[in-house]
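J.: test case, fold it:
(3 chains)
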Amino acid sequence: MIEKRPTPSGGLVFLTSALAILAALVVAGLFFWAYGASPLHAYRLILQGALGSKLGLAETVRRAIPLLLCGVGLALAFRALFWNIGAEGQLLLGAVAATWVALFSKLPEPLLIPMMLVLGFLAGAIWALIPALLKARLGINDVITTLMMNYIAMYLVLYLIHGPWKGPQMRGFAYTDFFPKAAWLPLIPGTRIHWLTLILGLLAALGVYLLIARTKQGFEIRVIGENPEAARFAGMSYTRTVLIVMALSGGLAGLAGVGEVGGVHHLLRQPEQISLGYGYTAIIVAWLARRNPLAVILTALLLGVIMAGGDVIKASLGLPFQLVNMFNGLILAFLISGEILMRYRFSFKSRRREWAGRLG
Amino acid sequence: MAERLEMRGIVKRFPGVVANDGVDFSAKAGEIHALLGENGAGKTTLMRILYGIYQPDEGEIYLDGRAIRVRSPAEALSLGIGMVHQHFRLVPTLSVEENVVLGLRGGLSPFPNLRRVREKLREIARDYGLEVNPQAKLFELSVGEQQRVEILKALYRQVRILIMDEPTSVLTPQEVERLFSTLRSLVEAGLTVIFITHKLDEVLEVSDRVTVLRKGKVVATLPTGEADKAMLARLMVGREVVFRLDKGPTKRGEKLLEVRDLRALNDRGLPAIRGLSFDLFGGEILGVAGVAGNGQKELVEVLTGLRRATAGRVLFFGKDLTNRSPSEIAAAGVAHIPEERLRRGLVPEMSVAENLVLKGYRLPPFSRGLFLNQRAIISHAKEAISAYQIMTPSPNSPAKLLSGGNIQRLILARELSGSPRLIIAAHPTYGLDVGATEQIRGLLLKQRELGAGVLLISEDLEEIMGLSDRILVLFAGQAMGLMEAEEAAREELGLLMAGAGSRTRKESSEG
Amino acid sequence: MGWETWLIGTISRALAYGTPLLLGTLGEIYAERSGVLNLGVEGMMIMGAFTAFATAYTTGDPWLGLLVAAAVGGGFSLIHAFVSITLRANQIVSGLALTMLGLGLAGVLGRGWEGKPLEAALPTITVPYLSGIPGLGPSLFVEQNGLVYLAAGLAVVLWFVLYKTRIGISIRAVGEDPATADAMGVNVFRTRYLCVLLGGLLAGLGGGYLSVAYRPAWTEGMTAGMGWIVIALTIFAFWNPLLGLVGAYFFGALYHLSYRLQPWTSPELLKAMPYVFAILVLVLVARGTLKRRMSAPAALCEPYVRGEE
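T.: Predicted coordinates for the structure are as follows:
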């Protein structure tokens, strides 16, 4: 018995996802209520704040950029059945590489931004290739290694900003100096949307979609993700595919890091300020999109709304931003619980089919 | 002597198959009772019913004259019935004594007195020749030792009936000897041993009585002393007329495949192919007959690049293909219809069209540069679907929606496209309905007409005899004989398959 | 300051900081030994930290606080148990969800509790006689929390249970080969539920220790990645409670030294060591017989369904 779960219809998938979000909204609503705020009022405020005004919309999009880049990479990795939980660390490495280019590379000004992007991508890719190699060559669990690499990356950033890269102009604060203006990613005027990274994210979504759906390599990724044994039988290389997938996945997360330091902060600072857990939230983004890179565009925006909404309720209702984390946890829990419902509904049929498959 | 165990009129149906069809079986205290039959004859099913894994659809079981119902293995154990499966039920990281006490309820104390367990195990081990270090971890033990632990586990639970399912298939000849002496001392102590096997020599060597099953029915029960090898072989394989397929005369072409002194290990690291040599020509079907587990699986895997040969050579059109990668071998013109269709032959989540190019996707017209050519893939799928009569809603439907016969048609369509010169077909009709079986056999014959060579591995003797031009009998990883199919007699094949005639297995075990 | 005082201080702080790590690790070892990876430790610990603080602050009883913390941690772990064992959903994602949920919920509930002084902190004890032992006495037995000894004792007990009792044999069998354990009459589901629950109780307790004993105050995010060190420690300890004890104090010492050694080396790099060690350990045991002897339970992360082989 290899696969008991036939693909549920698109409508059912959408319905389960919507129900998971709805259930999370209801539970979170109880908290608004407990804090003396009407849930409906709160949700209206969030929607208005995150989508109703130009500024709010811009903030939503800004939040969605790193989620998009990381989410596309994760969707790709999950497709090949590689559990990349390490987008957070890969993002930080991208930020580190960009900072090095901006502050220490002494490159001519016009080259700064292109090199930040290139090296940021490479740094994220290399960070992701370590767990990829460990899994492909030694069979070491990818979940654990990618997770541990996150914390190593985090402390690397802390080390840099407290130690060698600590900015002389920062009067003792643990930041690097500000990047030179030439290393600031261009913004859409009046917003904080660093559009270059946004475009790269959209291109990545499209590119990864095409990679998976249209190319020979993508074909191998899908076969390996669905049935590694059949892939071996058909003569496909697991190691090569996993390395390619993780280089791209980590590289895209690295780009997200470049976007955050180059487009928003313009310096390297505390890891939790650079990222706000984008690398983890992107897991929800990819999962909600059912590993489809194009759907990631939508789910990244959705989670962007939630994060921007967190700012709104903090500002106008005085409720803690941590509601966002809680809400995300709820969505994720309901989402995976919902999947079993899809499975149950189909398991009876598929079991019969299994017998048919075995006995003709 | 009275019967300790009686099973009367046991019927067990699985979808599409009657595995046991009114089986009567009985066993006495103090006897080794062999249960003989080909693969699929229903031996293991019958014993799984006795051990409580399956529930019979009809029939009764009596133990010491009292009717019993065995609802679970735990209940079987409490009734004194133990079973040693082909795949051991042992936890590799636990020690021997821990495996023995696993799941035992030991009164109120949560602390198993492992020292007492150890002593008792030593005692049992001494009595029956089952020595094994009680503190060793299971993964450190050889297969033979692991089997001893399984027997110890049953004896520790004080079973009176011990079922051994094909116990020798994983053992070396020395270990077989040792096992037999253990079994003899067990029955001397009054136990009943039921010994499932398909090997005639073993029946004659160790058992007191033998029951022969064929196609779910008992053919005979007789004292071993009254049986001989030829008689048992005849009982086991039957006397049915071999149905001849409509097949043209052999037009033997040039030599395609030359296998010389091939050796390979199985998954457990034991020799599985031991110096095998044969040739295969274009325009012929070479059938490989043999009971499962005699090296067929390993042979297929070595020839297709999925398993390393430890020695010997495989030449294809004179070109050395030994230990090349699966894709190189496929590219050279070798097609493979795998044994495990669902696990290896198919990606269930992907579409029929994509499954049809699982190997061909690298080459034009299915890809151009880095990209796949969807249009070519779909049009190829449409052609294949109509040519091979694959029943599917559309080329884009996921492959897992197909029935077994259609899955096999799909795999054949894929493997036969690109006109392979050699087709390695492992159990190509296993589990298929009559229509699909006929069609798949026809397809293989057509490839033969076209001049391709076919290596046909099957446990279905009729299929082998009906389709093949020549027949190679494999036993214990060696060729027991190679004969023209026209001249092959069923009984002779049965004897060779059972390793009878010579004790090749033992004589060459050092080789 | 003499080197003796320095050493005594270091060992004493290593025990203090190592204790919540140890509690969390013991629980995670049991959960993983039964085949369930729970990445929600951070979430359960922070919930434990908050509820212990809130209870102790309100009632003035730190022990009651610890009890509530354990109960809340246990309750949280049952979410994971239900989702991953009964619903058979992905353990990795479920654990991550639990961490997000815990961090978020503790942050939401804990707003307004920050900066309040906890007068009812867990009292420290100085063990009579033993503290007088020259050398180790002062570092081990002066002004420590009772919980430090409780955790250390628990490590020994849990080691004994895991390796020397029927329960332990069943747990290890369930995590290694649930089908065989089931065939031998072990209740796989109950075993897994109980192990995950134990993990939650201990993680909650460890979190509670942080806020009522180690540093009697509540700050948002005060576990600061401790739950992830627990995950690393579980591997570092080869899923063995006694090695968990050693590892927890070792990491505790490392943490303390990261401040003490500041003039010579970067505290951040020292703090990254637990994670580096965890990866190195995995690389070390990836090959050969060590793999069988020391590596993760074979059925870790795999939901069990009867009748599937």
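
J.: in what helix or strand does the nearest residue to C:Tyr30 once chain neighbours are set aside lie?
T.: Distances taken as CB to CB, 6 or more residues apart in numbering or on different chains place C:Cys195 nearest to C:Tyr30, at 4.5 Å, with adjacent residues excluded. Where you see a C-beta, it was placed from the backbone N, CA and C, and this is true even at glycine. Using DSSP states H and E, C:Cys195 sits within helix C:188-209.

J.: flag every buried residue along that helix.
T.: C:188, C:191-209 (16 or more other CB atoms under 10 Å in any protein chain shown).

J.: alpha carbons only: can I get it in PDB?
T.: What follows is helix C:188-209, C-alpha atoms only, in PDB (Å, rounded to 0.1, in the frame of the first residue of the first chain):
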ATOM      1  CA  VAL C 188       0.700   1.700  20.700                       C
ATOM      2  CA  PHE C 189      -1.700   4.600  20.900                       C
ATOM      3  CA  ARG C 190      -1.900   4.700  24.700                       C
ATOM      4  CA  THR C 191       1.900   4.500  25.000                       C
ATOM      5  CA  ARG C 192       2.400   7.400  22.600                       C
ATOM      6  CA  TYR C 193      -0.200   9.600  24.200                       C
ATOM      7  CA  LEU C 194       1.300   9.100  27.600                       C
ATOM      8  CA  CYS C 195       4.800   9.800  26.500                       C
ATOM      9  CA  VAL C 196       3.700  13.000  24.700                       C
ATOM     10  CA  LEU C 197       1.800  14.000  27.800                       C
ATOM     11  CA  LEU C 198       4.800  13.400  30.000                       C
ATOM     12  CA  GLY C 199       6.800  15.600  27.600                       C
ATOM     13  CA  GLY C 200       4.300  18.300  28.000                       C
ATOM     14  CA  LEU C 201       4.100  18.100  31.700                       C
ATOM     15  CA  LEU C 202       7.900  18.400  32.000                       C
ATOM     16  CA  ALA C 203       8.200  21.200  29.400                       C
ATOM     17  CA  GLY C 204       5.600  23.100  31.300                       C
ATOM     18  CA  LEU C 205       7.400  22.500  34.600                       C
ATOM     19  CA  GLY C 206      10.700  23.600  33.000                       C
ATOM     20  CA  GLY C 207       9.000  26.800  31.800                       C
ATOM     21  CA  GLY C 208       7.600  27.400  35.200                       C
ATOM     22  CA  TYR C 209      11.000  27.000  36.800                       C
END
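
J.: chain B contacts on chain C?
T.: Counting by CB under 8 Å from any CB of the partner chain, chain C comes close to chain B at C:164-167, C:169-170, C:172-173, C:176-177, C:179-181, C:183-186, C:289, C:292-293, C:298.

J.: cutoff 10 Å now
T.: C:160-161, C:163-170, C:172-187, C:289, C:291-295, C:297-298, C:307, C:309 (CB under 10 Å from any CB of the partner chain).

J.: who touches the residue nearest to C:Tyr30 in this structure?
T.: C:Cys195 sits next to C:27-36, C:38, C:77, C:81, C:85, C:167, C:171, C:174-175 when contact means CB atoms under 10 Å, 6 or more residues apart in numbering or on different chains.

J.: repeat that with 6 Å
T.: Listed by CB atoms under 6 Å, 6 or more residues apart in numbering or on different chains, the contact partners of C:Cys195 are C:Tyr30, C:Ala31, C:Ser34.

J.: make a markdown table from those residues and add neighbour count to it.
T.: As requested, the contacts of C:Cys195 are exported to a markdown table (neighbours: other CB atoms under 10 Å in any protein chain shown):
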| residue | neighbour count |
| --- | --- |
| C:Tyr30 | 28 |
| C:Ala31 | 32 |
| C:Ser34 | 29 |
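
J.: re earlier: what's the spacing between the residue nearest to C:Tyr30 and chain B?
T.: 15 Å (CB to the nearest CB, to the nearest Å).

J.: now C:His256
T.: 35 Å.

J.: in terms of secondary structure, what does the strand or helix carrying B:Leu256 contact?
T.: If you go by DSSP H and E, B:Leu256 is part of strand B:255-265. Judged by 3 or more CB pairs under 6 Å, 6 or more residues apart in numbering or on different chains; DSSP states H and E, the packing partners of strand B:255-265 are strand B:271-281, strand B:311-316.

J.: which of the ones you listed has the highest mean neighbour count?
T.: strand B:271-281 (a mean of 20; mean count of other CB atoms under 10 Å in any protein chain shown).

J.: gap between that one and the chain center?
T.: 19 Å (CA atoms, centre = their mean, to the nearest Å).

J.: which other residues reach that strand?
T.: Counting by CB under 6 Å, 6+ apart, B:252-253, B:255-266, B:286, B:295, B:298-299, B:453, B:472, B:477-479 sit against strand B:271-281.

J.: show me the strands in the stretch 101-250 of chain C, by range?
T.: C:124-125, C:144-145 (DSSP state E, counting those that start in this stretch).

J.: quick one: those strands as TSV, columns for mean neighbour count, distance to A:Leu332 and mean pLDDT too.
T.: Shown next, in TSV, are the strands of the stretch 101-250 of chain C (neighbours: other CB atoms under 10 Å in any protein chain shown; distance: least, CB to CB, whole Å; pLDDT from 0 to 100):
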stretch	mean neighbour count	distance to A:Leu332	mean pLDDT
strand C:124-125	14	40	74
strand C:144-145	20	35	76
